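Engineer: how does the following fold in three dimensions:
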Amino acid sequence: MKHTGTVYLVGAGPGDPELLTLRAARLIQNAALIVHDGLVDPAILALANADTRLISVAKIRSKHTLPQDQINALLVREARAGRDVVRLKGGDPFIFGRGGEEMEDCLAAGVPVHVVPGISAANGAAAASGIALTHRDSASIVSFVAGQCKELKDQDWAGLAGQNRTLVIYMGVNTAPQIAEKLIEDGLTPDMPVAIIENAARPEMRVLRGPLAALPELVGRHNVTSPALIVIGEVTARADNIVGQMALEAAQ
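Structural biologist: Alright, predicted model coming up:
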């Protein structure tokens, strides 16, 4: 009877290899096959052995290397052929990573699955930029939403942003105008502080700040590209002095 391999759904964190969990690093270093997203930093892939087989299933807006159902089928096929598969995802597999879909299809096909959580993009970006997503004086609630959903304007975001709340938007760069319009129409003030965190926890990280009404202009004028998160709330304004102090201490 042919041995069935195991699929490991592994979170690669926000990009910095030093933020990998010990288990994730060990699996990457020992993997014979890695199926990875486009958001996985090359420095993390460089931890794999020279003879490791790397398969990219990177998703670019409106152009997928493989549709999700074919990615699921690939994982099942490789495991059924007797190979262990490290399915490597930016951030955490279960936070906008479609890890749940891949796990369900693998288990339905009789393929064992182990989930290795990673530091989420939101947590990694917040830490790197000095933005505390919750703060006793500014926010006791934090929400995560996807900004690239179909029928964005029909989504119910009521109460997710505003006083004492922080809203973190994944995949929102290309829909920034619709996001700003939607939130303002729902009652959020146009001057609500906003931060865009691009390439979080990487040497090329940028943090851009401004009011909600200027969000589309910030994205366009600075040519923001993925990976980038949008954080909306008073906590983003608190971070200005903190980031400067963090940078000064790091330089000393």
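Engineer: pop the domain breakdown of this protein in here.
Structural biologist: 7-116, 121-251 (automatic domain parsing).
Engineer: tell me the mean pLDDT over the longest one?
Structural biologist: So that's domain 121-251. Averaging pLDDT along domain 121-251 gives 87.
Engineer: please save the CA atoms from stretch 194-204 in CSV.
Structural biologist: Taking C-alpha atoms only, stretch 194-204 is exported to CSV below (Å, rounded to 0.1, in the frame of the first residue of the first chain):
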residue,chain,number,x,y,z
VAL,A,194,-4.9,56.1,8.8
ALA,A,195,-1.6,54.3,8.2
ILE,A,196,-0.5,52.2,5.3
ILE,A,197,2.2,49.7,6.1
GLU,A,198,4.0,48.4,3.1
ASN,A,199,6.5,45.5,3.2
ALA,A,200,6.2,45.2,7.0
ALA,A,201,9.1,43.8,8.9
ARG,A,202,11.4,43.9,5.9
PRO,A,203,14.3,46.3,5.2
GLU,A,204,12.2,48.2,2.6
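Engineer: got the contact list for that stretch?
Structural biologist: 13-16, 19, 41, 121, 124-129, 131, 173, 205-212, 214-215, 218-219, 222, 224-225, 227-232, 236, 239 (Cβ atoms under 8 Å, 6 or more residues apart in numbering). The way it works is simple: take the backbone N, C-alpha and C, and place the C-beta from them, glycine included.
Engineer: in strands, which of those fall?
Structural biologist: Cross-referencing the contacts of stretch 194-204 against strands under DSSP state E gives 206-211, 228-232.
Engineer: next, format the residues you listed as JSON lines and append distance to residue 191.
Structural biologist: As requested, the ones in strands among the contacts of stretch 194-204 are exported to JSON lines (distance: Cβ to Cβ, whole Å):
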{"residue": "206", "distance to residue 191": "22"}
{"residue": "207", "distance to residue 191": "19"}
{"residue": "208", "distance to residue 191": "16"}
{"residue": "209", "distance to residue 191": "12"}
{"residue": "210", "distance to residue 191": "9"}
{"residue": "211", "distance to residue 191": "4"}
{"residue": "228", "distance to residue 191": "22"}
{"residue": "229", "distance to residue 191": "21"}
{"residue": "230", "distance to residue 191": "16"}
{"residue": "231", "distance to residue 191": "16"}
{"residue": "232", "distance to residue 191": "12"}
